[in-house]
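Engineer: quick one: sequence and predicted model below, then my questions.
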Amino acid sequence: MKRRDFLAAAAAAVAGIPAGVAYAQRGGLKKLGEIGLQLYTLRGMMQKSVPRTLAAVAKAGYKQVEFAGYFNVNPPVMKKILDDNGLTAKSAHIAMADLGMRWEIMIEDANTLGMKYLTVAWINAPERTVEGYKRIADRFNAAGRYASGDGVQLAYH
């Protein structure tokens, strides 16, 4: 990038800050709904104690969580822990491998927990090719069609 282009971009960004602040301070903005917590960030705590971790999450004021594993707690027990703490789970991270033979089980677990989304969080580097993405798209489409009949949506981030 040329110095002149950089200075122009920087000036435009700085000039936009007051306008953004003024817009935010007007108060006419829509408020966010409930904000959830991605439990992947607490995976160390979840490994030690799922009930204590979820109780702490609820005590911190969260109402929704996103799972990244169930830490050997079966879905009916996990649902009770959520309910006991006033929490809901809207989604869970899953692995690409879960779209295979475990897919039906993943959907059943999602329904037990009241989740709407199962989210593939990672695609391995060797699969990130044109042909790999085509295969993944086919897998996602098939899995998504199957899940939609059960009220669950497949997502990727």
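Structural biologist: Yep, it's here.
Engineer: please make it C-alpha for all contacts and neighbour counts, starting now.
Structural biologist: OK.
Engineer: show me which residues of the helix or strand residue 145 falls within are buried.
Structural biologist: Following DSSP states H and E, the helix or strand that holds residue 145 is helix 130-148. Of the residues in helix 130-148, 136, 140, 143-144, 146-147 count as buried by neighbour count, 16 or more other CA atoms under 10 Å.
Engineer: ditto for stretch 84-93
Structural biologist: Within stretch 84-93, the residues that qualify as buried by neighbour count (16+ other CA under 10 Å) are 85-93.
Engineer: among these, name the ones in helices.
Structural biologist: Of the positions in the buried residues of stretch 84-93, not one sits in helices, assigned by DSSP state H.
Engineer: if we can go back for a sec, name the residues that touch the helix holding residue 145?
Structural biologist: Helix 130-148 is contacted by residues 99, 103, 107, 126-127, 153-154 when judged by CA atoms under 8 Å, 6 or more residues apart in numbering.
Engineer: just give me the neighbour total for residue 76.
Structural biologist: Using other CA atoms under 10 Å, residue 76 is surrounded by 12 other residues.
Engineer: and the nearest residue to it once chain neighbours are set aside, how many residues sit next to it?
Structural biologist: Among residues not flanking residue 76 along the chain, residue 112 sits closest, at 6.6 Å (CA to CA, 6 or more residues apart in numbering). Around residue 112 sit 15 other residues, with neighbours defined as other CA under 10 Å.
Engineer: hang on, residue 112 in a helix?
Structural biologist: Yes: according to DSSP: H, G, I helix; E, B strand; the rest coil, the state of residue 112 is that of a helix.
Engineer: residues contacting it?
Structural biologist: 75-76, 79.
Engineer: what's the answer for residue 88, then?
Structural biologist: Here residue 88 is in contact with 63-65, 82, 113-114 (criterion: CA under 8 Å, 6+ apart).
Engineer: equivalent analysis for residue 60, please.
Structural biologist: Residue 60 neighbours (CA under 8 Å, 6+ apart): none.
Engineer: where does the prediction get shaky in the chain?
Structural biologist: Screening the chain residue by residue with the criterion pLDDT under 70, one finds the ranges 1-32.
Engineer: where along it do the helices fall?
Structural biologist: Secondary structure of the chain (DSSP H): helices at 3-25, 43-48, 50-59, 75-84, 103-113, 130-148.
Engineer: CA atoms of the last one as PDB?
Structural biologist: Read that as helix 130-148. Coordinates of each C-alpha in helix 130-148 appear next as PDB, following Å, rounded to 0.1, in the frame of the first residue of the first chain:
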ATOM      1  CA  VAL A 130     -11.700 -26.800  -4.500                       C
ATOM      2  CA  GLU A 131     -12.500 -30.500  -4.600                       C
ATOM      3  CA  GLY A 132     -12.600 -30.800  -0.800                       C
ATOM      4  CA  TYR A 133     -15.100 -27.900  -0.600                       C
ATOM      5  CA  LYS A 134     -17.200 -29.600  -3.200                       C
ATOM      6  CA  ARG A 135     -17.300 -32.800  -1.200                       C
ATOM      7  CA  ILE A 136     -18.000 -30.800   2.000                       C
ATOM      8  CA  ALA A 137     -20.900 -28.900   0.300                       C
ATOM      9  CA  ASP A 138     -22.400 -32.200  -0.800                       C
ATOM     10  CA  ARG A 139     -22.100 -33.600   2.800                       C
ATOM     11  CA  PHE A 140     -23.500 -30.400   4.300                       C
ATOM     12  CA  ASN A 141     -26.500 -30.400   1.900                       C
ATOM     13  CA  ALA A 142     -27.400 -34.000   2.600                       C
ATOM     14  CA  ALA A 143     -27.000 -33.500   6.400                       C
ATOM     15  CA  GLY A 144     -28.900 -30.300   6.300                       C
ATOM     16  CA  ARG A 145     -31.800 -31.900   4.500                       C
ATOM     17  CA  TYR A 146     -32.000 -34.700   7.000                       C
ATOM     18  CA  ALA A 147     -31.800 -32.400  10.000                       C
ATOM     19  CA  SER A 148     -34.400 -30.000   8.800                       C
END
